[in-house]
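A structural model of the following input is requested.
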Amino acid sequence: MTQPPLDGLRFAFGTLSVLPVKVTRWDREAAHGGMLCAPLVGVALGGASAAVGLLLLFLGASAPLAAVATVAVPAVLTRGLHLDGLADTADGLGSGKPAEDALRIMKQSDIGPFGVISLVLVLLGQVAALSQMYGDSWTRGAVAAVVSATAARLALTLAARTGVPPARPEGLGAAVAGVVPVREAVLAAAAVTLGAAGAGALFGPYDLVRTVLAVGAAVAVAELLLRHCTRRFGGVTGDVFGGLTETAGTTALVVLSLTF
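Take a look at the predicted model:
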């Protein structure tokens, strides 16, 4: 019989990436383990994107080109899942319509003006931040790619905590909403923060503090968006989870690029 931890890993990688992992269970217990393991998916995707960026830099590519590739890898390895969620969430929020109508807009296959604007600004922000960091230090840019991807998936763990309701009775949002006890979500946040602090410490105490602040800011901004979406839609959806991921990851990159 498959052990629950393995079921959780399979759920996490099978739903949050295109990696060849078969989801063997689709129940609340597996979803609980999967959402707790979401930051590990971020480590894997961030590591892959950093590796591609570093390879291009080693081959003589410019920092902006390496940054574009670094941003593109997670999009490819998730089939644009989170970017699509960001666009749909922006369209739903920007519509100004009641929850039922906004949710219907989010389910439509096309992307509206709010979604397009959100995608452009988020992707430009990610590329600009990474380009600056790669220009300063290849290693710093690579670490930022991993930290931001991990913080982005930590937002999923926190959004799946108990007390956050689903906006619909079906879909990925309903499958994972409320599956993570608050205590476990807090422990996951602490573990990610400690890991990020260790990565930042490689560059000195200043970067240690900046990395911790980046994770904290990512979590804070994602929490603000989560609460707004919960008020507007009555709960979370798969699209909202995607929007939280991209928002948290972008926030982390912006903070990591600052020189305050």
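
Name the nearest residue to residue 212, ignoring sequence neighbours.
Of all residues not flanking residue 212 in the chain, residue 197 sits nearest, at 5.1 Å (CB to CB, 6 or more residues apart in numbering). C-betas here are computed from N, CA, C, even on glycine.

again, but for residue 85
Closest to residue 85 by CB to CB, 6+ apart is residue 242, at 1.7 Å.

what's the one you found in contact with, if anything?
81, 82, 83, 84, 85, 86, 88, 89 (CB atoms under 8 Å, 6 or more residues apart in numbering).

what's it sitting at in phi/psi?
phi -60, psi -40 (degrees, to the nearest 10).

Got the confidence number for residue 58?
Residue 58 carries a pLDDT value of 97.

quick one on the thing from earlier: I'd guessed the residue nearest to residue 212 sits against residue 208; true?
Yes. With contact defined as CB atoms under 8 Å, residue 197 counts as touching residue 208 (5.4 Å).

returning to what we had before: next, check the contacts of residue 242 against the strands and list the overlap.
Applying DSSP state E to these, no entry is found in strands.

Mind pulling up the pLDDT for residue 27?
86.

Show the backbone phi and psi for it.
According to degrees, to the nearest 10, residue 27 has phi -130, psi 180.

quick one: contacts for residue 17?
With CB under 8 Å, 6+ apart, residue 17 has these contacts: 41, 44, 45, 77, 78.

whoops, I mixed them up, residue 212
Contacts of residue 212 (CB under 8 Å, 6+ apart): 193, 196, 197, 200.

How many neighbouring residues does the first one have?
What that stands for is residue 193. 18 (other CB atoms under 10 Å).

Then it would be within a helix, right?
Yes. Residue 193 forms part of a helix when assessed by DSSP: H, G, I helix; E, B strand; the rest coil.

one step back: could I get the contacts of residue 242 as a markdown table with neighbour count and distance to residue 170?
Output for the contacts of residue 242, formatted as a markdown table (neighbours: other CB atoms under 10 Å; distance: CB to CB, whole Å):
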| residue | neighbour count | distance to residue 170 |
| --- | --- | --- |
| 81 | 21 | 17 |
| 82 | 27 | 20 |
| 83 | 23 | 22 |
| 84 | 21 | 18 |
| 85 | 25 | 16 |
| 86 | 25 | 21 |
| 88 | 29 | 16 |
| 89 | 31 | 18 |
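
would CSV of these with distance to residue 248 and pLDDT be doable?
Shown next, in CSV, are these (distance: CB to CB, whole Å; pLDDT from 0 to 100):
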residue, distance to residue 248, pLDDT
81, 15, 93
82, 10, 96
83, 13, 97
84, 16, 95
85, 12, 95
86, 11, 97
88, 17, 96
89, 13, 96
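
measure residue 191 to residue 48 for me?
21 Å (CB to CB, to the nearest Å).

what about these two, which has more around it?
residue 48 (20 against 13).

what's the helix or strand for the more buried one?
helix 38-58 (DSSP states H and E).

now for that helix, which elements pack on it?
Judged by 3 or more CB pairs under 8 Å, 6 or more residues apart in numbering; DSSP states H and E, helix 38-58 is in contact with helix 4-16, helix 63-77, helix 113-136, helix 138-159, helix 182-201.
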